[in-house]
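A.B. asks: predicted model follows, preceded by the sequence.
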Amino acid sequence: MNADQLKGKWMQFKGDLKEKWGKFTDDDLQQIAGSYDKFVGKVQERYGDRKSELMKWANAWHQKSAPKAAEKKSS
């Protein structure tokens, strides 16, 4: 997932993120507000030892949501 992808899907992503990775607070999510750099920083802060696992999850989340967006555009 890159910066543009995160920003575009932030509203959908943040709910799933908080559900799966519960250490993120509402304040964290407000601070991130779709910023990829801030997201990576908070991942490091909250899950330093599991950062690569969380980033893999984020990429998989994006891959799952991408086909849905493409289907909507072609409709």
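C.D. replies: Thanks, I have it.
A.B. asks: can you give me the helices in this structure?
C.D. replies: 3-8, 10-20, 26-32, 36-47, 51-74 (DSSP state H).
A.B. asks: worst mean pLDDT among those helices?
C.D. replies: The minimum mean pLDDT among the helices of the chain belongs to helix 51-74 (a mean of 78).
A.B. asks: if we can go back for a sec, okay, the helices of the chain, which one's buried deepest?
C.D. replies: Looking across those with neighbours counted as mean count of other CB atoms under 10 Å, the highest average goes to helix 36-47: a mean of 17. Every C-beta, even on glycine, is put in place using the N, C-alpha and C of the backbone.
A.B. asks: which outside residues touch it?
C.D. replies: 1-3, 6-7, 21, 23-24, 28, 31-32, 51, 53-55 (CB atoms under 8 Å, 6 or more residues apart in numbering).
A.B. asks: can you rerun that using 10 Å?
C.D. replies: Counting by CB atoms under 10 Å, 6 or more residues apart in numbering, helix 36-47 makes contact with 1-7, 10, 13-14, 17, 21-25, 28-29, 31-33, 35, 50-55, 58, all of which sit outside it.
A.B. asks: try stretch 13-20
C.D. replies: 1, 5-7, 9-10, 24-26, 28-30, 32-34, 39, 42-43, 54, 57-58, 61-62, 64-65.
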